[in-house]
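Visitor: sequence and computational prediction follow.
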Amino acid sequence: MFLHQSELFSGMSMELIRKVMDFAERVHCSQDELLFSGGEYPDRFYILIHGRVQLTFGEDNQRVYVGSRPGEFFGWSGLLEQDSFTASAQCLEPTDLLKIRTADFFSLLRNDPEGHCLLYRNLCRALGSRLIQVYEFFIDSQT
């Protein structure tokens, strides 16, 4: 799985992607392993290589999204410089991911204004798509 295939890194330079790969950590998670919890400090984000990750929200852990496409990302709260993760993420099956420290990523982007701009464009596109999927799920569950 190469980062240029990820929706988050779409259009970014190969030089920037290579630099990110230098500090990205490949992790294997077991079924039911928790990646992060809502309220936790968002110092990392993940890119899905293989598997399925469920996002839940609130005290009752209401499922809001399941990601299963290689290249999807999780833990975007830190990328938006929020104080905490808004949701929790848990693996639904054995899952392979790239773990990227948010601070390392932003240190690269400080010297790459085009990459910084692309990051926010890609975030908007991906989060908008997820929001539509959540709306569709909610509407379907009401009928």
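Guide: Here it is on my side, so go on. Every value quoted in this text rests on a predicted model; they were computed, and no experiment measured them.

Visitor: the strands in this protein, which residues?
Guide: 25-29, 34-36, 44-50, 53-57, 62-67, 73-74, 88-91, 95-101 (DSSP state E).

Visitor: what's near enough to touch S107?
Guide: Contacts for S107 (CB atoms under 8 Å, 6 or more residues apart in numbering) come out as none. All C-beta atoms are positioned from the backbone trio N, CA, C, and that covers glycine.

Visitor: ok, now which ones touch G38?
Guide: Counting by CB under 8 Å, 6+ apart, G38 makes contact with T56, F57, G58, S84, F85, T86, A87, S88.

Visitor: low-scoring stretches of the chain, by residue?
Guide: The model of the chain has pLDDT under 70 over residues 1-5, 134-135, 137-138.

Visitor: could you rerun that using 90?
Guide: 1-11, 13, 16, 57-65, 80-81, 111, 113, 115-120, 122-143 (pLDDT under 90).

Visitor: for it, give the helix that spans the most residues.
Guide: When the chain is parsed with DSSP state H, its longest helix is helix 113-142.

Visitor: what angle do that one and strand 62-67 make?
Guide: 130 degrees (axes from the mean of the first three to the mean of the last three CA atoms, to 10 degrees).

Visitor: which entries within the contacts of G38 meet the buried criterion?
Guide: With neighbours counted using 16 or more other CB atoms under 10 Å, the contacts of G38 contain these buried positions: T56, F85, T86, A87, S88.
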